[in-house]
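1. Need a 3D model of the following:
(one chain, ligands or ions: 4)
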Amino acid sequence: MSLSALVDLHLHTTASDGQLSPTRLVDMLAARGLRVAAITDHDTTAGMEEALQAAHRYPALTIIPGVELSTDVPGGEIHLLGYLSNYNDPHLQDALRRFREGREVRGRRIVEKLAELGMPIEWERVRELAGDGAVGRPHVARAMVEKGYVSQIPEAFTKYIGRDGPAYVERLKLTPEEAVRLVVETGGLPVLAHPAEVAELDTVLVSLKAAGLVGMEVYYAQYPAPKRSRLAEAARRHDLLPCGGSDYHAFGTPEEAAPGDLGPPLELAEELMRRVGMRLPTRGQ
Ligand code: AMP
Ligand code: ZN
Ligand code: FE
Ligand code: FE
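-> Ligands and ions are numbered 1, 2, ... in the order given. Prediction:
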């Protein structure tokens, strides 16, 4: 795939369910010529210091600290990205710690359900695959691949651990409005992630905008152009910044988009950065 974007505002590392360490991801971002990238791990900012440290070696690359929060709506979930001006905010970090604990409890219960379905995996192995990071279903899926129960991570979701699967288990989540307010309270910018999956999008956007939503993903690498056009329209209608990125996890599946395959224009990134009190390095320095 040809490199087309200078900006990627949705990326995961080993701090959650991505498979590249923050340093290796940053090396890849620099090698691919990205200028602005946001690291948005699930329920943790633990990768941020390493990423910012690694980015010191690349003056042309700016890293925006971020996070991805999963929230609960009837019959589904909505993901919110937060671009953070103060990721060490104690109230935010307390909330993230509670969500990570909820992930542990839920992960153990999924493992129990899989055993009942005749597919035993070791919780210790799942924990090991997650390393120091926030444990997620992709780690469970990798343990299932290792045992040969499925051949790839997506198959584990479709057959067993996806929302309608027999081993699915809920976990502690906020409502989307609560998550928006949590990000706003820290001085961060809440942005709706992969909105094509959201039912009743216009209604949700009105409610989240009232809570403080500032943007929504439009340039989402997994969406074809017609879908992106419809989302761009929605962003305009609701006066939301059109954001986006690859949602790269380094899962290694053939269909996975790479960092920089698609993203918003540099001007959009500069606007976001201005609002969190950051700015791009002056050219030529
Ligand atoms: P969790 O945060 O533990 O609920 O797991 C959700 C994560 O699993 C998402 O953020 C994706 O990284 C991944 N995921 C969800 N659905 C799929 C799927 N169908 N195929 C592969 N990965 C998925
Ligand atoms: Zn993920
Ligand atoms: Fe997501
Ligand atoms: Fe994501």
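
2. Around the one residue in the stretch 1-150 of the chain that gets nearest to ligand 4, count how many other residues there are.
-> When you check the stretch 1-150 of the chain against ligand 4 by CB to the ion, the closest residue turns out to be Glu68, at 4.9 Å. C-beta here means a position set from N, CA and C on the backbone, and glycine is covered the same way. Burial of Glu68 is recorded as 23 neighbouring residues (other CB atoms under 10 Å).

3. Look at the closest residue to it other than its chain neighbours and report its pLDDT.
-> Among residues not flanking Glu68 along the chain, Thr40 sits closest, at 4.5 Å (CB to CB, 6 or more residues apart in numbering). Note for Thr40: predicted pLDDT of 98.

4. sorry, back to before: just the element for the residue of the stretch 1-150 of the chain closest to ligand 4, please.
-> Counting by DSSP states H and E, the element that carries Glu68 is strand 62-73.

5. Report the backbone C-alpha coordinates of that strand in PDB.
-> Listed in PDB are the C-alpha atoms of strand 62-73, where the atom choice follows Å, rounded to 0.1, in the frame of the first residue of the first chain:
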ATOM      1  CA  THR A  62       5.600  14.800  17.000                       C
ATOM      2  CA  ILE A  63       3.800  12.300  19.300                       C
ATOM      3  CA  ILE A  64       0.400  13.300  20.800                       C
ATOM      4  CA  PRO A  65      -0.400  11.400  24.000                       C
ATOM      5  CA  GLY A  66      -3.800   9.700  23.800                       C
ATOM      6  CA  VAL A  67      -6.000   6.900  25.100                       C
ATOM      7  CA  GLU A  68      -8.900   4.900  23.800                       C
ATOM      8  CA  LEU A  69     -11.900   4.200  26.100                       C
ATOM      9  CA  SER A  70     -14.600   1.600  25.400                       C
ATOM     10  CA  THR A  71     -18.000   2.700  26.500                       C
ATOM     11  CA  ASP A  72     -21.300   1.000  27.000                       C
ATOM     12  CA  VAL A  73     -24.500   1.600  25.000                       C
END
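
6. quick one, the very next helix or strand once past that strand and strand 62-73 angle?
-> Beyond strand 62-73 in the direction of the C-terminus, DSSP H and E gives the next helix or strand as strand 76-83. Taking axes from the mean of the first three to the mean of the last three CA atoms, to 10 degrees, strand 76-83 and strand 62-73 form an angle of 160 degrees between their directions.

7. Parallel or antiparallel, list what pairs with strand 76-83.
-> The partner list of strand 76-83 in its sheet, established with DSSP bridges, is strand 62-73 (antiparallel), strand 189-192 (antiparallel).

8. In the stretch 51-200 of the chain, what residue spans correspond to helices?
-> Along the stretch 51-200 of the chain, the segments classed as helices by DSSP state H, counting those that start in this stretch run 90-116, 123-130, 137-147, 153-156, 176-185.

9. The ones you listed into a markdown table, with extra columns for mean pLDDT, mean neighbour count and distance to Leu192?
-> Written out in a markdown table, the entries for the helices of the stretch 51-200 of the chain read as follows (pLDDT from 0 to 100; neighbours: other CB atoms under 10 Å; distance: least, CB to CB, whole Å):
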| stretch | mean pLDDT | mean neighbour count | distance to Leu192 |
| --- | --- | --- | --- |
| helix 90-116 | 98 | 16 | 18 |
| helix 123-130 | 98 | 17 | 26 |
| helix 137-147 | 98 | 21 | 21 |
| helix 153-156 | 96 | 20 | 23 |
| helix 176-185 | 98 | 21 | 8 |
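
10. Now render these as a markdown table, adding distance to ligand 1.
-> Listed next are those as a markdown table, based on distance: least, CB to the nearest ligand atom, whole Å:
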| stretch | distance to ligand 1 |
| --- | --- |
| helix 90-116 | 6 |
| helix 123-130 | 10 |
| helix 137-147 | 4 |
| helix 153-156 | 4 |
| helix 176-185 | 14 |
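
11. Indicate which one of those is closest to Arg275.
-> Of all the helices of the stretch 51-200 of the chain, helix 176-185 sits nearest to Arg275, with 11.5 Å by CB to CB.

12. what does that closest one contact?
-> Contacts with helix 176-185, where a contact means CB atoms under 8 Å, 6 or more residues apart in numbering, come from 67, 69, 71, 73, 78, 80, 82, 84, 89, 91-92, 95, 174, 189-190, 204, 207-208, 211-213.
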